[in-house]
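**Student:** Pasting a predicted model and its sequence here:
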Amino acid sequence: MPEALLFEKSRPGREGVSVPRCDVPQTSIPDSLRRSSLSLPEVSEVDVVRHYLRLSHLNYCVDEGLYPLGSCTMKYNPKVNEAVARLPGFARLHPLQDPSTAQGAMALLFGLQGMIAEIGGFHGVSLQPSAGAQGELTGILIMRAWHAARGDAKRNRILVPDSAHGTNPASTSMAGLAVVEIPSDRRGNVDLLRLRAQLDDRVAGLMLTNPNTLGLFEENLLEITRLVHEAGGLVYGDGANFNAILGVAKPGLMGIDVMHFNLHKTFSTPHGGGGPGSGAVGVVEALAEFLPGPLAARVAAGGEPRYEWRMPSRTIGRVKSFNGNFGVLVRAYTYIRMLGAEGLRAVAENAVLNANYLQARLKDIYPVPHGDRTCMHEFVAQGKIAGAPDIRALDISKRLIDLGFHPPTNYFPLIVPEALMIEPTETESRETLDSFIEAMRTIAREAVSDPALLHDAPHSSPVRRLDEVKAAKELKVTAG
Amino acid sequence: MEFKVDQKVRYSKTHEWVRVEGGEAVIGISDYAQNKLSDVVFVELPPAGKELKAGAACLVIESVKAAEEVFAPVSGSVVGRNEALEKSPELVNSDPFGQGWLVRVKLAVPAEIDSLMDAAAYTSYLSTL
Amino acid sequence: MSFIPNTDADRTAMLEAVGVGSVAELFHDVPAEYRFPRIDLPSPLSEQEVLSELDAMSGKNADCGAHPCFLGAGAYRHFIPSVVDFVIFRSEFATAYTPYQPEISQGTLQAIFEYQSMITRLTGMEVSNASHYDGATSTAEAVIMALNVAQGQKRRVILSAGVHPQYRAVVRTYTQGMNLELLGDDADSGVEELAGMCDSSTACVVVQNPDFFGRIIPPRSLAALAEKVHACGALLVAAVNPISLGLLVPPGDSGVDVAVGEGQALGNTLSFGGPYLGFFAFRREHVRKSSGRIAGETVDRSGRRGFVFTLSTREQHIRREKATSNICTNQSLNALAAAAYLALMGPRGLRKVAELCWHKAHYAAQRIAQLPGYKVHTGEFFNEFVLRCPVSADEINRRLFQRHGIIGGYDFSSEFPGRAREMLLCCTEMNSREEIDHLVTALSEVGNA
């Protein structure tokens, strides 16, 4: 059932709120400053409630069922996180208050910095970056600043494996550095020969997603980080896939110099339909003073600890206003406190087991290019079905919608044709995985017996396949 | 898959075509290239007078899933732009060698034409892809 | 572990299907010497325990609900109708990913389309994206957009000193690798002086209205600036307060090319600085140089109206190193709160709130101006004004809080050395007359050296 736009429901004179009367003497407002009109919708409170409730019914969400989007870590978001984030001492705290009036919040930030550093094996952590992409930009700027501080101005290249997410090259060029792509080898690792060939004194560093976007742990990780360091470069770790090794390995000890953590993936904060997130960044000791600030710092003052803001001495600067996405940080803190070290390790173990279970039970019908290897928290299958040459990954995905599941990530990584990237996460039960496997098997049968059913899918969703060409040509991006 | 190859134009390895008309040349992309791009939704043409350099990116064609640079197959200054593409970018798909042309340039180095492939060479080049 | 449903029996059966003997074996690719390290974290807590611990931490903060608060400076305490929380609490919005599958994400996509529509109307612009991280990053993205519009040929960016100091800092951080000339904010320049710095190498001029010191740039001055900026072939970027636009002339009417700002005031809690949203609206001709997600209208196979993200070829997942920005998503849930807020307020509600801010701030300013030792910045302002104090602002704030439980104004000394006796005081509709009168009495008392 389509829902009308708020603008179409608007009727002159309707109001959604009652604003209190003015209780102070009024001061005249010059007409020259006043706008002449404002055409926002005029709707009642009940109109607004029904509108958004109906819109909500058009969405699929992780609270409804499995959401196996590869590299997105759509795990269950604990409800206690929401309760905590709305405590008045957090939700109603002004970011510019004197830290002495916000010691609870400061203690939480200081504690979270320390816990993330401990989990990742890093010396320092900044909670400022708003999202993974901003964490990446932060990391690249830190690498650039570190080289510049050493007077090494010619290092302007960042090596990026071809399996990387598009954000890596985009972040690199925003930082004013050039991207050099490194191919993968036949086992899905970074091609060491091609890497060696690029390592010279122009290289500022390497961006490495590990586990990589094929869902594989880089088998030559230690060799790669050693080679880059020997060449005078730094290694950036893209932490998008950290859920796989949470509590199992500390990247900071394995040669990763800078890494961002997606708190909205690994640490269970809700994705909100696209945000907010948080892209906290951890660094080794040599880079700690380059972090964006301010950071929460503990002042030793005898007795009760006291917390203050501190700007690192050689900071790259601020990456956002105020103090990071605090509401997201509160949720991540709550999650880590509930899990503890053993709970975090259980997360990775169950996430990896769930993914391997799916891979083992699907690879006989859907080709898995690296199916001979143990995958980590996700794996990449191909949407190719024997006996159904016209069926593409997209058709399979759309048919999954009819069968009650959110589809996997499509057409990424780019190096696998017809990619279906599947990440179940640890919060799914064996029964849920079995029903997904059953759906995938049903689709494989339908692909042969009734390919039109897949081409026309989805059939049961609020709308059918949408015309993206029309949207891009006509560019109708506002109402009326 | 079979692609149309216009017999009367010359081709670059990056799938642009050139048709020489006197001292000027009309430039477009091949049927193969438009097929790879899928539905074209926007063409960002260079301004008239702009100097194009053979082998350098000169404009961008957008589909819903890609934005590809078009490389000038020959050098020269832009003397004509296919304004029809502003309203109907799909002409690049429906008639790549005709109404879907992109720009017209005044040739700077006419000899550059000779280094481009003829239709036969381009056909066999396509068979290797 | 309540968030992991599988039992030992499940795991045993699954391991058998995988063909390995133990869970630990799945990690054989992790270098053995680094596998399963000791992780030194506090012991795990139950939900009951964690709530109690976090409640105690929350209790150590002086929140703006329990204390009269006169802090603004870029984050504002406004009334949030209960419906806003109802909307953003819905799992369907809160626990969905960015809408990769539009067929089952129409709720989010239509909500974003409506958000875009309301932002363009509020700002008087033609196109809005789905939002950036906050006001500061929206400003930085506007600068980068202007550089893209100039096709990389212009390297000068003029930043008014009236732009929020943290926004200016973020612009500097974002552009540090771009070899730009950033100028204009070393002295407090008026629009005439800013226009004078603009030349043919200038990509954009960035102003804030009302500016960081609360001053309103009159529409006529802004329009004159826009004209001069355009004559240089540059863009005019304005960071604006969205609540003020319930009342004041929108930037689009004054010739501004990109209107950005902090959207927190629209239905989002203060939450110690985030998550907020940065709105980002601009003229249609620049749409292909813009950054961030944009929802557009289309139809499905049966001709029904639907919404998709469009123009994705500008974005990182397709354009990679040539993308207009590295941003991947938006602040969707915060933008949803802003949209629900604007829908509830409507044109009259928003105007009334803006008028309340105006009247209360002016009432406070007039009363405080009569106090000995205090001096109020005069000139047109909206909801905040500069107050010069008889002693340091830091000292005034400390006394206000300790003796009267009042959270005072923004202390300039933190970012403007040399202005230690000045503070920025803010009033919104949340400050009752009683609170303001209390502040006036308190200021009178704490102002004695």
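**Tutor:** Perfect, I can see it now. Residues are numbered from 1 along each chain as shown, chains lettered A, B, ... in the order given.
**Student:** Which neighbouring elements make contact with the top helix by length along chain B?
**Tutor:** Secondary structure of chain B per DSSP state H: the longest helix is helix B:119-127. Secondary-structure packing of helix B:119-127 (3 or more Cβ pairs under 8 Å, 6 or more residues apart in numbering or on different chains; DSSP states H and E): strand B:10-11. Heads up, the C-betas are built off the backbone N, CA and C, glycines and all.
**Student:** which outside residues touch stretch C:23-43?
**Tutor:** Identification of contacts with stretch C:23-43 by Cβ atoms under 8 Å, 6 or more residues apart in numbering or on different chains yields A:115, A:118-119, A:121, A:216-219, A:221-222, A:245, A:247-250, A:253-254, A:336-337, A:340-341, A:344-345, A:349, A:352-353, A:356, A:373-374, A:376, C:11, C:15, C:18, C:20.
**Student:** Inside helices: which ones of those residues?
**Tutor:** Those of these mapping onto helices are A:115, A:118-119, A:221-222, A:336-337, A:340-341, A:344-345, A:349, A:352-353, A:356, C:11, C:15, C:18, per DSSP H.
**Student:** Not counting its neighbours along the chain, what's nearest the closest residue to chain B within the stretch 351-480 of chain A?
**Tutor:** Chain B sits closest to residue A:472 of the stretch 351-480 of chain A, with a gap of 3.9 Å, by Cβ to the nearest Cβ. Excluding the flanking residues, the one nearest residue A:472 by Cβ to Cβ, 6 or more residues apart in numbering or on different chains is residue B:41, at 3.9 Å.
**Student:** Any buried residues in stretch C:7-21, and which?
**Tutor:** By 16 or more other Cβ atoms under 10 Å in any protein chain shown, the buried positions in stretch C:7-21 come out as C:10, C:11, C:14, C:15, C:18, C:20.
**Student:** so residue B:18 sits in a strand?
**Tutor:** Yes. The assignment for residue B:18 (DSSP: H, G, I helix; E, B strand; the rest coil) places it in a strand.
**Student:** give me the number of residues near it?
**Tutor:** Burial measure for residue B:18: 22 neighbouring residues, criterion other Cβ atoms under 10 Å in any protein chain shown.
**Student:** and if you look at residue A:22?
**Tutor:** Using other Cβ under 10 Å, residue A:22 has 16 neighbouring residues.
**Student:** sorry, back to before: in ChimeraX, select just the buried ones from the contacts of stretch C:23-43.
**Tutor:** The ChimeraX command for the buried members of those (criterion: 16+ other Cβ under 10 Å) is given here:
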select /A:115,118,119,121,216,217,218,219,221,245,247,248,249,250,254,336,337,340,341,344,345,349,352,353,356,373,374,376 /C:11,15,18,20
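**Student:** so for the longest helix of chain B, what's the average pLDDT?
**Tutor:** Helix B:119-127 shows a mean pLDDT of 95.
**Student:** Counting neighbours, show which residues of that helix come out buried.
**Tutor:** Within helix B:119-127, the residues that count as buried by 16+ other Cβ under 10 Å are B:122, B:125, B:126.
**Student:** in what helix or strand does residue 96 lie?
**Tutor:** I went with chain A, as the question did not name one. Secondary structure from DSSP states H and E places residue A:96 outside every helix and strand.
**Student:** meant chain B, my bad for not saying
**Tutor:** Secondary structure assignment for residue B:96, by DSSP H and E: no helix or strand.
**Student:** How much space separates it from residue B:31?
**Tutor:** 5 Å (Cβ to Cβ, to the nearest Å).
**Student:** circling back to that earlier point, residues contacting the residue of the stretch 351-480 of chain A closest to chain B?
**Tutor:** Taking Cβ under 8 Å, 6+ apart, we find residue A:472 in contact with B:41, B:42, B:62, B:64, C:296, C:310, C:311.
**Student:** Switch the residues you listed over to JSON lines; also include neighbour count.
**Tutor:** As requested, the contacts of residue A:472 are exported to JSON lines (neighbours: other Cβ atoms under 10 Å in any protein chain shown):
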{"residue": "B:41", "neighbour count": "26"}
{"residue": "B:42", "neighbour count": "19"}
{"residue": "B:62", "neighbour count": "24"}
{"residue": "B:64", "neighbour count": "24"}
{"residue": "C:296", "neighbour count": "23"}
{"residue": "C:310", "neighbour count": "26"}
{"residue": "C:311", "neighbour count": "25"}
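**Student:** residue ranges of the strands in chain B, please?
**Tutor:** With DSSP state E as the criterion, chain B has strands at B:10-11, B:16-21, B:24-29, B:40-44, B:51-52, B:57-63, B:67-71, B:76-81, B:103-107.
**Student:** just chain C next, same as before
**Tutor:** Going by DSSP E, chain C shows strands at C:127-128, C:156-159, C:181-183, C:202-209, C:235-240, C:258-262, C:278-282, C:294-299, C:305-310, C:375-376, C:384-388, C:410-411, C:422-426.
**Student:** For residue A:131, find the nearest of these.
**Tutor:** Closest approach to residue A:131 among the strands of chain C (Cβ to Cβ): strand C:278-282, 12.1 Å.
**Student:** Mind giving me the packing neighbours of the closest one?
**Tutor:** Here strand C:278-282 touches helix C:106-123, strand C:127-128, helix C:135-149, strand C:258-262, going by 3+ Cβ pairs under 8 Å, 6+ apart.
**Student:** mean confidence for the last one?
**Tutor:** Right, strand C:258-262. 98.
**Student:** Can you tell me what sits against that strand?
**Tutor:** Contacts with strand C:258-262, where a contact means Cβ under 8 Å, 6+ apart, come from A:321, C:74-75, C:123-125, C:132, C:134-136, C:138-139, C:141-142, C:145-146, C:204, C:235-242, C:250-252, C:276-283, C:286.
**Student:** Name every strand pairing with that strand and say which way it goes.
**Tutor:** Next to strand C:258-262 in the sheet, as set by DSSP bridges, lie strand C:235-240 (parallel), strand C:278-282 (antiparallel).
**Student:** Pick the most buried one from those.
**Tutor:** Comparing the strands paired with strand C:258-262 by mean neighbour count (mean count of other Cβ atoms under 10 Å in any protein chain shown), strand C:278-282 ranks first with a mean of 31.
**Student:** gap between residue C:137 and residue C:331?
**Tutor:** Taken as Cβ to Cβ, the span from residue C:137 to residue C:331 is 10 Å.
**Student:** check contacts around the closest residue to chain C within the stretch 151-300 of chain A.
**Tutor:** Residue nearest to chain C within the stretch 151-300 of chain A: residue A:176 (2.5 Å; Cβ to the nearest Cβ). Residues in contact with residue A:176 (Cβ under 8 Å, 6+ apart) are A:144, A:156, C:176, C:177, C:178, C:179.
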